[in-house]
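Q: Pasted the sequence and its predicted model underneath.
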Amino acid sequence: EVQLVESGGGLVQAGGSLRLSCAASGFTFDDYAIGWFRQAPGKEREGVSCISSSDGSTYYADSVKGRFTISSDNAKNTVYLQMNSLKPEDTAVYYCARGGSSWCTPGPYDYWGQGTQVTVSS
C-alpha cells in the first residue's frame, strides 16, 4: 500500500523556521518525484516545491524561492521541506504527493498524504 505521511507542521512566529518531513512507503522511492503542495483556507491548492528522483533537480514556486529548500534522503525514503523566513501568507495545510514519474511535472500526482498544518503568526 502506497503511503505518504507528513509531519513537522506547527505554529511559528513570522521569520521563524520549520522543517516538514514526508515519509514514503509502499513503492520504489527512487522511481518517483515527490512534490509539496499547500492549501490555505478559501484558496486553491498550489504547488510549492518538487524534487526529481532521476537527477535530484528541484523546482520552487516563486513565492518560496530563496526561503524554502527541498531535499531527499533515499536511505530513509523521506523528503524534507526546510522552510525559513516564514511569513503569515505561508499559513496553510501542506501536503506531499507522489508524481507520475521520476521527473517533476505539473501533474498528475497520484498519491497524497493527509497534510500537516503550518501556521505563521505575525
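A: Happy to help now that I have it. Residues are numbered from 1 along each chain as shown.
Q: State whether D30 is indeed within a helix.
A: Yes. Checked against DSSP: H, G, I helix; E, B strand; the rest coil, D30 lies within a helix.
Q: Just the buried residues of the helix or strand hosting W36, please?
A: Assigned by DSSP states H and E, W36 belongs to strand 34-39. Using 16 or more other C-beta atoms under 10 Å as the test for burial, strand 34-39 gives I34, G35, W36, F37, R38. Backbone N, C-alpha and C define where each C-beta goes, glycine included.
Q: From A75, how far out is the fourth one?
A: When distances are taken as C-beta to C-beta, to the nearest Å, F37 and A75 turn out to be 25 Å apart.
Q: Centroid-nearest residue for this protein?
A: Central residue of the chain (C-alpha atoms, centre = their mean): W36, 2.5 Å from the mean position.
Q: Report the separation between V118 and R38.
A: If you go by C-beta to C-beta, the gap between V118 and R38 works out to 8 Å.
Q: okay, stretch 73-87 in CSV with CA atoms only?
A: Backbone C-alpha positions of stretch 73-87 (Å, rounded to 0.1, in the frame of the first residue of the first chain) are rendered in CSV as follows:
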residue,chain,number,x,y,z
ASP,A,73,17.1,11.1,2.0
ASN,A,74,16.8,8.0,-0.2
ALA,A,75,18.0,5.8,2.6
LYS,A,76,15.1,6.8,4.7
ASN,A,77,12.6,7.2,1.9
THR,A,78,11.9,10.7,3.1
VAL,A,79,11.6,14.1,1.5
TYR,A,80,12.1,17.2,3.6
LEU,A,81,11.0,20.8,3.1
GLN,A,82,13.0,23.3,5.1
MET,A,83,11.1,26.5,5.4
ASN,A,84,12.9,29.6,6.6
SER,A,85,11.9,33.2,6.9
LEU,A,86,8.3,32.2,7.2
LYS,A,87,5.6,34.7,6.5
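Q: Buried residues, it. List them.
A: By 16+ other C-beta under 10 Å, the buried positions in stretch 73-87 come out as N77, T78, V79, Y80, L81, M83, L86.
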